[in-house]
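Asker: with the input below, show me the fold.
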Amino acid sequence: MSVDWKHSDWIRKPSKMETYLREQQKKLAKTIKDEARQAFKVEGSKGNVYSVTCDKNHDNWGCTCPGFNFRGKCKHVSKIQKTTQGG
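Answerer: Numbering: from 1, shown residues only. Here you go, the predicted structure:
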């Protein structure tokens with residue numbers, strides 16, 4: 001007698017309540033993250049739009065442009081820093 005067992009037969013699917021709670025945790029984590037960071041849209045010199053982000057204390061900056069990913073700094077971040085810090 002041969003029994004055909006699939007790996008998926010051994011895995012318990014999450015209940016509706018578990019799925020709901022997991023989704024609520026994700027939403028809450030995203031809300032907390034969004035409130036802790038600010039985001040600004042900046043148009044680049046060639047018309048591309050980049051997202052510049054910083055934490056609420058303006059200590060940690062980021063940009064979606066290739067220059068920031070390569071050098072860790074860029075003119076988009078500098079522009080927003082001058083604007084937000086009154087410089």
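
Asker: next, the buried residues of stretch 69-78.
Answerer: Neighbour-count burial for stretch 69-78, with 16 or more other Cβ atoms under 10 Å as criterion, is recorded at 74, 76-77. To be clear about C-beta, it is placed using only N, CA and C from the backbone, and glycine gets the same treatment.

Asker: export that stretch to CSV, keeping only CA atoms.
Answerer: Taking Å, rounded to 0.1, in the frame of the first residue of the first chain, the C-alpha atoms of stretch 69-78 are listed here in CSV:
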residue,chain,number,x,y,z
ASN,A,69,23.1,55.1,-4.3
PHE,A,70,26.7,55.4,-5.6
ARG,A,71,28.1,58.2,-3.5
GLY,A,72,25.8,58.4,-0.5
LYS,A,73,25.1,62.1,-1.2
CYS,A,74,23.5,64.1,-4.0
LYS,A,75,22.2,67.6,-4.9
HIS,A,76,18.6,66.5,-4.3
VAL,A,77,19.3,65.9,-0.6
SER,A,78,21.3,69.1,-0.4
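
Asker: tell me how far it lies from the chain's centre.
Answerer: With Cα atoms, centre = their mean, to the nearest Å as the basis, stretch 69-78 stands 18 Å off its chain's centre.

Asker: what's in contact with that stretch?
Answerer: The list of residues contacting stretch 69-78 from outside it, by Cβ atoms under 8 Å, 6 or more residues apart in numbering, reads 42, 44, 50, 52, 61-63, 65, 67-68.

Asker: out of the residues you listed, which are inside helices?
Answerer: Filtering the contacts of stretch 69-78 for membership in helices, criterion DSSP state H, returns 67-68.

Asker: now residue 56: closest residue in space, sequence neighbours ignored.
Answerer: In this structure, residue 56 finds its nearest non-sequential neighbour in residue 36, 5.8 Å apart by Cβ to Cβ, 6 or more residues apart in numbering.

Asker: and the residue nearest to residue 54 when sequence neighbours are not counted, how many neighbours does it have?
Answerer: Counting by Cβ to Cβ, 6+ apart, residue 61 is the residue found nearest to residue 54 once chain neighbours are left out, at 4.9 Å. The burial metric for residue 61, expressed as a neighbour count using other Cβ atoms under 10 Å, is 18.
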